Structure formats: structure tokens, C-alpha cells
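Participant: Build the 3D model from these lines:
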Amino acid sequence: MLYHSAIAVIRRPLFAAAALIFATAFVTMSQAHADIGVASRSVPSAELVGKGRMTYLGFKVFDAELYAPNGAYRSSAPFALKLTYLRNFKGAKIADSSVDEIKRQGGVSTKQLENWGSQMRAIFPNVSAGQSITGVRTASGSAIFYLGGRKLGTISDPAFSRRFFAIWLGNNTRNPRLRAKLVGAGS
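Facilitator: Model prediction:
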């Protein structure tokens, strides 16, 4: 009887330690998986690649998170870029700023910029601090946009997707430090 009591006393801490290790592993695994809601349907096995904060002249603008299959980002594969705004913005201002950044990259006609600008103005809503817009680059190269769990719209032109996401993820981005945090310094 004493032997069984001693074994029970030894087993309890071992069981507790095993439960703690399992719980920690579960929390770590679930944190790595996508926090992008319905957008994850277009990004299979989505996991966080990287995250960072965009500031401008000392003002906090948004927090960015990049998700890709198994946490491995490739510009030609599906991925999701989630921007959580830290200030209020008009949807038209988001669209116009995006057009300006795409134009800065060069190689896009005025007509194409106008077309993409009008599509973005029709899609992007006004946002309040704390709201997130998630842009998904699909396997076919389309861009789908979500506000929280609600689909906002799609722009099916793969050239748009390349140019739009290059604002943050391209080699010619205005903010290379944010890019490095999102995709990794070696990308």
C-alpha cells in the first residue's frame, strides 16, 4: 500500500509536467496558425510568416501580419496580408495611397492605374482604429479583400495583385524594414 502511494505521488508531478508541456505546445501551435478568418480558405495551411508595425513621421499607422502556407512565403503562391489599422482612414484615401505607391514602382499606364483605383475605391471601406483589412493573393493570382469576416470584393487581374502587394512585400517597397519583418531579411 505504501509503495502504491509513493508511486502515485511521483506520477502526479510527472502527469502535471506532461499536461503543461502539451498545453504549451498546443498554444504555441495555435498561435502560429492563421488569424485571418474566412480568408484562410484561399491560403491552405496558413501560418504566420512575420509581422511588423508601419509608422509614418512617428505616427502609428497599422500593424501588418503576413500568412502563407506552412509559414513559407513565396510571391507567386497564395498568401494573406492582414493590416490592422491603428487610426481611422477613409476607404478612398486607402485606395488613392495604394495607387500612388503602385505608380511609384513604375511600369504601369495611367489608364491601368485609373482602372485599379476605381476598383479599389469601390472595395475599400472607411476603417476605424482596430479594424483589419486582409488582402489575399489567391493561387490564380487574384486579390480578394476582407474586412474582418466579410468579403469586400475581388480584383481578378494578376498584374494588380503583383503591384498591390509589392507595396509592402516587393524589393522596391518604401519601407524595407517592415518588409524584412514580414518576409524575413533574406527574402
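Participant: By mean pLDDT, flag the weakest helix or strand of this structure.
Facilitator: The least trusted helix or strand in the chain, going by mean pLDDT, DSSP states H and E, turns out to be helix 2-32, with a mean of 41.
Participant: List the residues that contact the spatially most central residue of the chain.
Facilitator: Taking CA atoms, centre = their mean, the centroid of the chain lies closest to Leu81, which sits 2.7 Å from it. Counting by CB atoms under 8 Å, 6 or more residues apart in numbering, Leu81 touches Ala64, Glu65, Leu66, Tyr67, Thr134, Gly135, Val136, Arg137, Phe165, Trp168, Leu169, Leu182. All C-beta spots, glycine's among them, are computed from the backbone N, C-alpha and C.
Participant: Shouldn't it be within a strand?
Facilitator: Yes. Counting by DSSP: H, G, I helix; E, B strand; the rest coil, Leu81 falls inside a strand.
Participant: Now Thr134, what are its backbone angles?
Facilitator: phi -110, psi 130 (degrees, to the nearest 10).
Participant: Now do the same for it: its pLDDT.
Facilitator: Among the per-residue scores, Thr134 shows a pLDDT of 96.
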